[in-house]
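What shape does this take:
(chains A and B)
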Amino acid sequence: MLLTAVVFWRIQAHFLNIGNVMDILLASSYTGIMAIGAMLAMAVGEINFAVGAQALVTTAIIGVFMDGRPSGMYAVAILLAAVFAAASGLLIAFMVVELRVPSFIATLGLSTVLKGFTNLFCNDKPFTSNRWPKIYTALGQGELFGVIPIPVLIFAVVGVIAFILTEMARCGHYMFAVGSDPTACRQVGIDVRKVKYVTFIISSLLAACSGLLYTSLNATVTLKLGDELLMPALCAALLSTTYYKIGFYNIPGTVLSSTLLIMIQNGVMSVGAPYYVKEIMQGIVLLIAVSVIATTRKGGLPKVTFESG
Amino acid sequence: MSDTPILRVRNLTKRFPGTVANNSISLEVHAGEVVSIVGENGAGKSTFCKMLTGVYHPDEGEIELNGEKIVIDSPILSMKKGIVMVYQERNLVSGITVAENVCLGHEITKGGLLDRAAMHRAAEEVRDRLGLTIPVDAIVKDLGAGEQQLVEIMRAFYANPKLLILDEPTASLSESEVEPFLEFVKQIRSRMNMAVIFISHKLDEVFHVSDRIAVFTDGQCVLTEKTENLTVEKCISAMLRNHEISALEVKPHERTGENILEVRECRYEGKNQRIRVGVERGEIVGFYGLVGSGRTESMECVFGIRPCDVLDADLDGAPIPVKHNSMQMLERGLVMTPERRANGIFKTYSLTKNIDTMFMRKKLASRAGFIDFRKCAQFAGQVLDENGVKYKSQEQLITTLSGGNMQKVIIGRSLRVDGVKVLILDEPTVGMDIGAKYEVYQKILDMAEGDLGVIFISSELDELLAICHRIYVYADGDIYAEFDREHFDKEEILSAAMRQGAERQVSAG
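You can find the predicted model right below:
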């Protein structure tokens, strides 16, 4: 990662300017929060392809709801979005746990449905409004001490909490245990169903949080948001197995790799390459990193199950 | 029996970094003779065979086949010379016919195309030579495990072997298939004057089938003797030369009539089972039956990892609800270890984590849910040492342990469950060598002495007879009979386990 930073810095001197660094961190923040959400689902041996769509639908809910409403209602909008996200997480968990639909399919399906609904909400057009109250952009565009953008701060807080949760608390230990072997979990008395429910709900809430920051930052509801963020987020979650705790999903790895991916993106753009170059670059980084791990680590990569257990 | 042995091995030695896997082994196998090789896991049996089949090359010593000194430097050459090995794992292609499997790799062709008729004839010829009746156009996956094993042997005989090596051939056979298979081995030995090396863990089979027995211990052949001059005890003591093994002593259990776990009714999968089971404190109760006979399923219902329709059961006097889960049962002091060890462990986890994950609920985490890592390491270390697990580091992956040690970890952690009252062990000794098995038996006896109720599920009747106070016989989903220790009778128990199957066949026909 440092290497990447240095390379871009050599090419483009202002790459490491404080402003650009903050830009990178800013973009990393919502991608990273979504990545954490995606990673948690992977930790329990499932996958959540719906994080993108969940973020998207959040932006739409908040955006449409706040249209012409006073700033006092902002909290209500957030609450509404959170409830909706939690409900969609619950729905995924229900399908995966009770109906035994593979999470791969359940989340992919739900993702399509959510995207469709968002388009319906917004009349199939990107949505932006000058009737939004000022508070709408406070979260995304605000800065602490005039330097650190609030989303970055939130990213840091979410990262730290998630780190403590996964590495030091029983809750995270159980998540990884479920991901490692659900059968063994039943033998030692871990409630696999409960763990999956909780995980999918947290995962969905994080996706919603990511959407909230995005719409607040850009003051727009972009219909492509889901697709744009989904890949980097999933990549970052996968890439986390190449940092910190090699071969295991982990939070520091997720945070770092989402930043790395954004850095590549930013770097490529700042060099003036067209947008699709970043996709090529990101893809290559992912493939190389994961291949290296898969070949060097005994037992290969942690599995992403396509059947529910 | 001619004077020149088919196989004569002299002072065969194979060294691996750090160990001598085979230390100067000498062995002769004559035509028309079955020689069994027995020994614990890691005693050097497979290394020995791999040198015969050309997978490994001996560092010292020589191999003679039919009195002629040979150097076997590849598996293909070994096959050409007439040494054929049938491996423990199935090596058949399941979607094609018996004939195609038999000729696999040696297909008969006519003008570049497969000559199916000729292959069919060739397979039939091999089959008839072996005195078998398997239809050669049957698809392999439709055959039972026992028949598949015979197909493997047909394939071996397609190459006209002089020496046949069978590596744990009965490991995957069910009880009823073992006997005919052993008869078959004896038959080909005498009818075809074949030299056979038979490798097995199961001493009763070995005694049944072999003319001579060779005992391997720590890479040496410590004993070679005609079967009639040997006893099981002599074999075991030769195998365990380096291990102290105390005789198992079953303390008699006085029935009090107070069951710590009592099941009066348990139905699942919509069927109408009649399961009534009781176990008292300090009692070891054996469940005997074949896989799928209900012995495991019924207990999984009780433990709460299998849904059941009706459950009328008490644990320590308090009822177990129909809808319950394993967390509740663990809380109440009922522990079950899984049928396959692999199902009870987290393969990607270290020893410490494998032990501690069971105790995160209370012991090893603060009230707020934070894990106390120092306590974790300490606790896991205690469990490992208490149970005599052989390990290098607490942080090593659990999958690097041997089966016996893995089982010790699983049982050891179960014993540390708060207020444990009843332990259900499902096939705890499967795939273990005799030394490791005895350690598990001793552990079970100790548990009973510690006033636990133990349910010991197994498909090996001998081990149940050795240490149980009582045995329930399961067949076809139901308990079929119950025997007290005074009335243990191998024949009767076996026939009880088989009888249900026979009745079912009659009614089906």
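
How many residues are close by the residue in the stretch 51-200 of chain B positioned nearest to chain A?
Using Cβ to the nearest Cβ, B:Glu89 is the residue of the stretch 51-200 of chain B that sits closest to chain A, at 20.5 Å. C-beta: built from backbone N, CA, C; applies to glycine. By the criterion of other Cβ atoms under 10 Å in any protein chain shown, B:Glu89 has 10 neighbours.

again, but for the one 5 residues further on
Taking other Cβ under 10 Å as the neighbour definition, B:Ser94 ends up with a count of 12.

repeat for B:Gln378
By the other Cβ under 10 Å criterion, the neighbourhood of B:Gln378 contains 14 residues.

now A:Val188
Residues lying near A:Val188 (other Cβ under 10 Å) number 27.

List the contacts of it.
Contacts were defined as Cβ atoms under 8 Å, 6 or more residues apart in numbering or on different chains; by that measure A:Val188 touches A:Ala177, B:Leu330, B:Gly344, B:Thr357, B:Met358, B:Arg413.

Looking at these, which are in helices?
The subset of those located in helices under the criterion DSSP state H comprises A:Ala177, B:Leu330, B:Arg413.

Using JSON lines, lay out those together with distance to B:Asp426 and neighbour count.
As requested, the ones in helices among the contacts of A:Val188 are exported to JSON lines (distance: Cβ to Cβ, whole Å; neighbours: other Cβ atoms under 10 Å in any protein chain shown):
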{"residue": "A:Ala177", "distance to B:Asp426": "21", "neighbour count": "27"}
{"residue": "B:Leu330", "distance to B:Asp426": "16", "neighbour count": "24"}
{"residue": "B:Arg413", "distance to B:Asp426": "15", "neighbour count": "24"}
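
of those, closest to B:Val209?
Closest approach to B:Val209 among the ones in helices among the contacts of A:Val188 (Cβ to Cβ): B:Arg413, at 39.1 Å.

residues contacting the closest one?
A:Val188, B:Asn354, B:Ile355, B:Met358, B:Phe359, B:Val383.

Kindly recompute the last result at 7 Å.
By Cβ atoms under 7 Å, 6 or more residues apart in numbering or on different chains, the contact list for B:Arg413 reads B:Ile355, B:Met358, B:Val383.

any idea which of those has the most stuff around it?
In terms of neighbours by other Cβ under 10 Å, these top out with B:Ile355 at 28 neighbours.

B:Leu425: what secondary structure?
Using DSSP: H, G, I helix; E, B strand; the rest coil, the three-state assignment for B:Leu425 comes out as strand.

Would you state the helices of the stretch 201-350 of chain B in chain order?
Counting by DSSP state H, counting those that start in this stretch, the stretch 201-350 of chain B has these helices, from start to end: B:203-209, B:232-239, B:295-303, B:326-331.

ranking the ones you listed by mean pLDDT, which is last?
Across the helices of the stretch 201-350 of chain B, the stretch with the lowest average pLDDT is helix B:232-239; it has a mean of 78.

Which neighbouring elements make contact with that one?
Secondary-structure packing of helix B:232-239 (3 or more Cβ pairs under 7 Å, 6 or more residues apart in numbering or on different chains; DSSP states H and E): helix B:203-209, strand B:212-217.

Tell me the buried residues in the longest one?
So that's helix B:203-209. Taking 16 or more other Cβ atoms under 10 Å in any protein chain shown as the basis for neighbour counts, the residues of helix B:203-209 that come out buried are B:Leu203, B:Glu205, B:Val206, B:Phe207, B:His208, B:Val209.

The contacts of B:Arg413 also near chain A: which ones?
With the criterion set as Cβ under 7 Å from any Cβ of the partner chain, the members of the contacts of B:Arg413 near chain A are B:Met358.

Lowest-confidence entry in the contacts of B:Arg413?
When the contacts of B:Arg413 are compared by pLDDT, B:Met358 scores lowest at 86.

tell me the contacts of that residue?
Contacts were defined as Cβ under 7 Å, 6+ apart; by that measure B:Met358 touches A:Val188, A:Gly189, B:Arg413.

Where does pLDDT dip in the chain?
All of this refers to chain A. Per-residue confidence of chain A (counting by pLDDT under 70) places the weak regions at A:1-16, A:293, A:296-309.

Actually, chain B is the one I wanted.
When the per-residue scores of chain B are filtered using pLDDT under 70, the ranges that remain are B:1-3, B:17-19, B:41-42, B:90, B:240-247, B:431, B:499-509.

domain assignment for it?
Here chain B is described, according to automatic domain parsing, as comprising the domains B:1-82+B:161-243, B:92-154, B:267-508.

Put together TSV for the ones you listed, with distance to A:Asn20 on each row.
As requested, those are exported to TSV (distance: least, Cβ to Cβ, whole Å):
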stretch	distance to A:Asn20
domain B:1-82+B:161-243	54
domain B:92-154	60
domain B:267-508	38
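
Out of these, which is closest to A:Gly226?
With respect to A:Gly226, and counting by Cβ to Cβ, the nearest of the domains of chain B is domain B:267-508 at 31.9 Å.

mind checking how far stretch B:60-72 is from the chain centre?
33 Å (Cα atoms, centre = their mean, to the nearest Å).

which SSE is the residue in the stretch 1-150 of chain A that chain B sits nearest to in?
Across the stretch 1-150 of chain A, the shortest distance to chain B (Cβ to the nearest Cβ) belongs to A:Gly45, at 11.0 Å. If you go by DSSP states H and E, A:Gly45 is not part of any helix or strand.

Out of the helices of the stretch 201-350 of chain B, which one sits most buried?
helix B:295-303 (a mean of 24; mean count of other Cβ atoms under 10 Å in any protein chain shown).

Contacts for that helix, please.
Counting contacts by Cβ under 7 Å, 6+ apart, the residues outside helix B:295-303 that touch it are B:263, B:266, B:268, B:273, B:275, B:287, B:289, B:306, B:308, B:311, B:313, B:320, B:326, B:329, B:334, B:336, B:339, B:424, B:426, B:455, B:457, B:474.

for chain B, what are the nearby residues on chain A?
A:168-171, A:173, A:177, A:180-181, A:183-184, A:186-189, A:191, A:299.

quick check, nearest of the residues you listed to A:Pro274?
Nearest to A:Pro274 among those is A:Gly299, at 39.7 Å by Cβ to Cβ.

for chain A, what spans make up the strands?
If you assign secondary structure with DSSP state E, the strands in chain A sit at A:143-144, A:148-149.

now those as a markdown table including mean neighbour count?
Converted to a markdown table, the strands of chain A look like this (neighbours: other Cβ atoms under 10 Å in any protein chain shown):
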| stretch | mean neighbour count |
| --- | --- |
| strand A:143-144 | 12 |
| strand A:148-149 | 18 |
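
out of those, which comes closest to A:Asp227?
When those are compared (using Cβ to Cβ), the closest one is strand A:148-149, at 24.1 Å.

Pull the distance from the closest one to the chain's centre.
For strand A:148-149, the distance to the chain centre is 19 Å (Cα atoms, centre = their mean).
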